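**Q** Pasted the sequence and its predicted model underneath.
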Amino acid sequence: MAETIHSGMLILGSGPAGLTAAIYGARAGLSPVVIQGIEAGGQLMTTTDVENYPGFRDVIQGPWLMEEMQAQAEHVGARMVFDMIASVDFSQRPFRLIGDGGTIYTGNTVVIATGAQARWLGLESETRLRGQGVSACATCDGFFYRGKKVAVIGGGNTAVEEALYLTNHSQDVTLIHRRDSVRAEKILQNRLFAHPHIKVLWNKTVDHFIGGDGNSGLVGLDLRDTVTGEISRLDADGAFVAIGHAPATSLFRGQLALDSDGYLVVEPGTSRTAIPGVFACGDVTDKHYRQAVTAAGMGCMAALDAERYLAQARFDAAVAAE
Ligand code: NAP
């Protein structure tokens, strides 16, 4: 017989959003159960130096930060479970989730914090140099390239915003795009083309990221012209891959509203989805900020929204019983 685990607050995902929801939920007495998923700890587990999470004067490591967050959540009473959720049913109360090993999870509330993943080009050299010159987040890592040469790959809003952001640190920013026009909004395009420190290389794809001696750090990129096939080399100390993100929402398709990019839709300024009692927070619902600290803040909002929802439900039940 399958095991059943019940909680006042089921949390899907264990990045900064899920673990912050767990800390607040536990302290509110909701006995949260965090279902950690395949990438426990989320995107920070594959990040090295973190310098922009408040509270630490020295550089900290992403995996260490997540270990601390998890320990804090457990310390205040949250329970961690390793499982992959195979299906969710938000049509019945309590909500019902089934793990791929058959475990049944029921929750009076559900907080979805399944995150998003940066899309990568899929090159071997990209994987090898990730965190050593190749990054998917200029806001996180741009600072490390102060006064150096950097490249951004992509032609959407994110790529253009990242290129503009990088001019805070570098006077030599190159945007590399596979076509001859970008899809970013006009206002961003205007800023991009007017910027004296950004040049754009059109019709180019990355063939190879070139590591330095002993493969430490990046020294350049081999580019292929999509029209002529010609190979050229660009010197760069840092490369930012900005070709989009994939929010982890396939599980909720058909039950919750997704926007055109697949992100969960919440009532603006809250974590509330269209189903009362189901909340979403962090990168799974945010394509604009995508920071550990914003995800953590949204996790806090989700726990407070869940607590208020349960308090209201208790009040309504008491009134109905009178
Ligand atoms: P996106 O709009 O999907 O753009 C991805 C870019 O990467 C495209 O230019 C695409 O080229 C390129 N690309 C994709 N795969 C590639 C590959 N294998 N090799 C080379 N280039 C590749 O992604 P995004 O910029 O992250 O934006 C996602 C969503 O968030 C969008 O709706 C965007 O508007 C929104 N967003 C909004 C803001 C804002 O409002 N400030 C900020 C960031 C993001 P092609 O153009 O050739 O397809």
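**A** Perfect, I can see it now.

**Q** In terms of pLDDT, where does Asp213 sit?
**A** pLDDT recorded at Asp213 is 82.

**Q** Quick check on it: phi, psi?
**A** Note on Asp213: backbone dihedrals following degrees, to the nearest 10 are phi -60, psi 130.

**Q** How about the residues of the stretch 51-200 of the chain by the ligand?
**A** Leu121, Ile153, Gly154, Gly155, Gly156, Asn157, Thr158, Ala159, Glu161, Arg178, Arg179, Arg183 (C-beta under 6 Å from any ligand atom). In this view, the C-beta of every residue, glycine as well, is placed from N, C-alpha and C.

**Q** pretty sure the fifth one is touching Val241, no?
**A** No: proximity of Gly156 to Val241 does not meet the contact threshold set by C-beta atoms under 8 Å, at 11.8 Å.

**Q** Any idea which residue of this structure lies closest to the ligand?
**A** The ligand sits closest to Gly156 of the chain, with a gap of 2.4 Å, by C-beta to the nearest ligand atom.

**Q** residues in contact with that residue?
**A** Val182, Arg183, Ala184, Ala242, Ile243, Gly244 (C-beta atoms under 8 Å, 6 or more residues apart in numbering).

**Q** for Asn52, same thing?
**A** Asn52 neighbours (C-beta under 8 Å, 6+ apart): Thr139, Cys140, Phe143, Gln291, Ala292, Val293.

**Q** Now these in TSV, please, with extra columns for secondary structure and neighbour count.
**A** Shown next, in TSV, are these (DSSP: H, G, I helix; E, B strand; the rest coil; neighbours: other C-beta atoms under 10 Å):
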residue	secondary structure	neighbour count
Thr139	helix	16
Cys140	helix	22
Phe143	helix	14
Gln291	coil	18
Ala292	helix	27
Val293	helix	14
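
**Q** can you give me the helices in the stretch 151-300 of the chain?
**A** All helices of the stretch 151-300 of the chain, identified by DSSP state H, counting those that start in this stretch, fall at 157-166, 186-194, 292-321.

**Q** angle of the shortest one against helix 157-166?
**A** Calculated by axes from the mean of the first three to the mean of the last three C-alpha atoms, to 10 degrees, helix 186-194 forms an angle of 40 degrees with helix 157-166.

**Q** List of residues touching the helix or strand bottoming out on mean pLDDT in the chain?
**A** Ranking every helix and strand in the chain by mean pLDDT, DSSP states H and E puts strand 49-50 at the bottom, with a mean of 79. Strand 49-50 has contacts (C-beta under 8 Å, 6+ apart) with Leu44, Phe56, Val59, Ile60, Gln61, Gly62, Leu65, Cys140, Asp141, Phe144, Ala292.

**Q** got the contact list for the third one?
**A** So the one you mean is Val59. Val59 makes contact with Asp49, Val50, Glu51, according to C-beta under 8 Å, 6+ apart.

**Q** Out of those, grab the one that's most surrounded.
**A** Highest neighbour count within the contacts of Val59, by other C-beta atoms under 10 Å: Val50, with 19 neighbours.

**Q** Mind listing the residues bridging to that residue?
**A** Ile60 (DSSP bridges).

**Q** Only whichever of the contacts of Gly156 are buried, select them in PyMOL.
**A** Buried members of the contacts of Gly156, defined by 16 or more other C-beta atoms under 10 Å, are picked up in PyMOL with:
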select buried, resi 182+184+242+243+244
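
**Q** Tabulate the contacts of Gly156 (CSV), appending pLDDT.
**A** Formatted as CSV, those follow (pLDDT from 0 to 100):
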residue, pLDDT
Val182, 97
Arg183, 95
Ala184, 94
Ala242, 95
Ile243, 96
Gly244, 90
